[in-house]
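S.K.: model the structure of this input:
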Amino acid sequence: LSKWFFVIPLRQEDKHQFAFTWEGVQYTFNGLPLGYKHFPTIAHNALAKLLHTIEVPSDVPIYQYIDDILVDNKEQLGQVAEAICNLLTKNGLDIPPSKCQGPRQEVKFPGAWWIAGAVAVPDDTLSAIEKGQTPGNKTELQQLLGTLGYWKKHIPGFSVIACPLYDLLWKNREWDWTPQHTEALNTLKDELKTYQRLGPLHSQDP
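M.R.: Next up, the predicted model:
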């Protein structure tokens, strides 16, 4: 969705909390602004309530993450997608054609690469991690571990492999990057590349 956050109205009694001054004049937002720390949760719940008003067959899963929507049903995709689009348009929401994906066997949602029932780390994400520079301080290491941790399902033994790296983040420990840390980081990257794609699960297999 385009500009979804600004469509969510602010209550009159809350508007003063979002006031700002520009060129000596005070203004305030009428809709939920970007930057408010709770806006992802509020936006997600608002859209979820709206989607629940659509009558769709029980065997048609609809997945939603903040302002991204995924319909998982090949046979009734067109009918359900049309119902969703009509509902959103009726409520003044804009759907950029460039953001629409489908119907297809591969789709990015949300940030992950879904391929015929399997989930994979996007190629651009994997490439950025592989080509990333070695962390030079604790902040950079925290950011890198945050990214790798998001994909830890694709890294068997993640917590064990990453242990030397997390040790560097101890509050009173001085920064001292050693070959052990390089080895741990390279192992994490190698495992992520090896297990880039997971699934699908076949519960009937031995």
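S.K.: quick check: Tyr27 touching Lys15?
M.R.: No - judged on CB atoms under 8 Å, Tyr27 makes no contact with Lys15 at a distance of 10.0 Å. To be clear about C-beta, it is placed using only N, CA and C from the backbone, and glycine gets the same treatment.
S.K.: can I see the domain layout of the chain?
M.R.: Taking automatic domain parsing as the reference, the chain has its domains at 4-103, 123-198.
S.K.: Val80 belongs to a helix?
M.R.: Yes - looking at Val80 with DSSP: H, G, I helix; E, B strand; the rest coil, it is inside a helix.
S.K.: contacting residues for it?
M.R.: 54, 56, 60, 62, 71, 73 (CB atoms under 8 Å, 6 or more residues apart in numbering).
S.K.: if we can go back for a sec, make a markdown table out of the domains of the chain and add distance to Gly117 and mean pLDDT.
M.R.: Below are these laid out as a markdown table (distance: least, CB to CB, whole Å; pLDDT from 0 to 100):
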| stretch | distance to Gly117 | mean pLDDT |
| --- | --- | --- |
| domain 4-103 | 10 | 82 |
| domain 123-198 | 10 | 92 |
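S.K.: remind me, longest helix of the protein?
M.R.: helix 179-194 (DSSP state H).
S.K.: show me what counts as buried in that helix.
M.R.: 181, 184-185, 188-189, 191-192 (16 or more other CB atoms under 10 Å).
S.K.: hey, C-alpha coordinates of it in CSV?
M.R.: Taking Å, rounded to 0.1, in the frame of the first residue of the first chain, the C-alpha atoms of helix 179-194 are listed here in CSV:
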residue,chain,number,x,y,z
PRO,A,179,41.3,-14.7,13.8
GLN,A,180,38.8,-16.7,16.0
HIS,A,181,36.2,-14.0,15.3
THR,A,182,37.0,-14.0,11.6
GLU,A,183,36.5,-17.7,11.5
ALA,A,184,33.2,-17.6,13.3
LEU,A,185,31.9,-14.8,11.0
ASN,A,186,33.0,-16.7,7.8
THR,A,187,31.3,-19.9,9.1
LEU,A,188,28.1,-18.0,9.6
LYS,A,189,28.2,-16.6,6.1
ASP,A,190,29.1,-20.0,4.6
GLU,A,191,26.2,-21.8,6.4
LEU,A,192,23.8,-19.1,5.3
LYS,A,193,24.8,-19.6,1.7
THR,A,194,24.6,-23.4,2.0
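S.K.: what lies in contact with it?
M.R.: The contact list for helix 179-194, computed with CB under 8 Å, 6+ apart, reads 121, 126, 129-130, 134, 144, 148, 151, 154-158, 161-165, 168.
S.K.: equivalent analysis for stretch 150-160, please.
M.R.: 121, 125, 148-149, 161, 188, 191-192, 195-196, 198.
S.K.: which two of those have the greatest separation?
M.R.: Farthest-apart pair in the contacts of stretch 150-160 is Thr125 and Ile161; separation 18.8 Å (CB to CB).
S.K.: ChimeraX command to pick out the buried ones of the contacts of stretch 150-160?
M.R.: A single ChimeraX command selects the buried members of those (16+ other CB under 10 Å):
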select :121,125,148,161,188,191,192,196
